[in-house]
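**Q** Predicted model and sequence below, questions to follow.
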Amino acid sequence: MTRAPAELDTAPETPFLRRLITLADKTRWSIDEIDPAPVSDGEYEPILSHFGFESSGYVRALRRADRERLARQLVAHNYSQIWHGEQAALVLAASLASHIEDLEARIFAAQQAGDEARHVLAVRRIVDRLGPVYPCTPRFQETLDALLACETWPKQVLGLQLFVEAKALFEFRTHALLIRDAVFVQATENIQRDESRHVAFGVQYLKEHLREMTAEAREDLVSYAMQLAAIFASLVHQSDYRAVFDEAGLDFDRAVAPSRVVSPPSARIASAHATLSLLQQSFERWFLRTLCRVGLADAIRRAGYEVPRADTFDGSGRAAPESQGGMKSKGRGAPANLAEEAGGAHPWDLAEQM
């Protein structure tokens, strides 16, 4: 993953939003950097483990060329969802740029709108190298429609910057772990760098402006945030991949039949599953901790969720390494230090620099 905190630290006395605006100018990239050359054989097959199909006897028995074709279509499907999300992000960023009053925040939102326009083109180019653009899944479409219909800027900022953008970062990170296509990985890293800035903006802006909200409005925002968190991992259902199998000329029903291959997964697949699981838990923990950092801890407690103890945060507001806090309600939770356990590089690193 491409990291940018070094540039952010060059002038710590500069206001954070201004530093983000400057950083965007320094790290701007072009969609012309995405090489339209055809994909090479064997570069996408490892992603089957991410979707759970590596345990299907039907998929295991396919010719390698068929498995590669299926893998590419699965990625095309997921990146189609990202493409739909980027279009919604473009609309929301433009809306924020015209509604928020703070001048530097408005400049950043306008800059983000430019980023999102570039992402729409870039993600479409990525998908076009692999397959067709698939429709938005019903659950994700419902989520985007609700977000676009939000009439209050705090929900828009939270939904866009802390959910849609962080969800995209999660997908970019997980795909880059398994795909060997250098063009795909580089394009993904370029978009990740932009998304990290967008997440950081959302965290900072909410942190500065939530104090102006009433207690009732804060509780409503927490309720909305928890609804988003609860559906994070279920925006795409397995049945949504039927169109992928149809496109690849394969049998979806046979792939999801109860019969399974009994041989254990390879060390690479087992390692990938472990890392992806840690990243999922890492997002949950990061999301709750971030809601606390921006000033919603009391509202979260009133909603019945546990929050990290006050002594588990360092002076900057970030959770200290020994923190055990996690998203817990009705028995849910996540262990500490998941970003470090997942390899040290965290998809939301830039937002953690505040």
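**A** Yep, it's here. Numbering: from 1, shown residues only.

**Q** how about the helices of the stretch 201-350 of the chain, start to end?
**A** Using DSSP state H, counting those that start in this stretch, the helices of the stretch 201-350 of the chain run over residues 215-230, 242-248, 252-255, 267-291, 297-302, 338-341.

**Q** do the stretch 51-200 of the chain as well
**A** Counting by DSSP H, counting those that start in this stretch, the stretch 51-200 of the chain has these helices, from start to end: 57-60, 64-99, 103-128, 138-148, 153-157, 165-178, 182-209.

**Q** Ok, which of these comes nearest residue 232?
**A** Of all the helices of the stretch 51-200 of the chain, the one in closest proximity to residue 232, counting by C-beta to C-beta, is helix 165-178 (6.5 Å). Every C-beta, even on glycine, is put in place using the N, C-alpha and C of the backbone.

**Q** So which elements touch that closest one?
**A** Packing contacts for helix 165-178, counted by 3 or more C-beta pairs under 8 Å, 6 or more residues apart in numbering; DSSP states H and E, involve helix 48-51, helix 64-99, helix 182-209, helix 267-291.

**Q** and that helix, C-alpha only, in CSV?
**A** Only the C-alpha atoms of helix 165-178 are listed here, as CSV (Å, rounded to 0.1, in the frame of the first residue of the first chain):
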residue,chain,number,x,y,z
GLU,A,165,-14.5,5.6,1.4
ALA,A,166,-13.3,3.3,4.2
LYS,A,167,-15.2,0.4,2.6
ALA,A,168,-13.4,1.1,-0.7
LEU,A,169,-10.1,1.1,1.1
PHE,A,170,-10.9,-2.2,2.6
GLU,A,171,-11.7,-3.7,-0.8
PHE,A,172,-8.6,-2.2,-2.4
ARG,A,173,-6.4,-3.6,0.4
THR,A,174,-7.9,-7.1,0.2
HIS,A,175,-7.7,-7.4,-3.5
ALA,A,176,-4.1,-6.1,-3.6
LEU,A,177,-3.1,-8.9,-1.2
LEU,A,178,-4.0,-11.6,-3.7
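
**Q** Can you point out the buried residues in stretch 168-184?
**A** Using 16 or more other C-beta atoms under 10 Å as the burial criterion, the residues of stretch 168-184 that qualify are 168-179, 181, 183-184.
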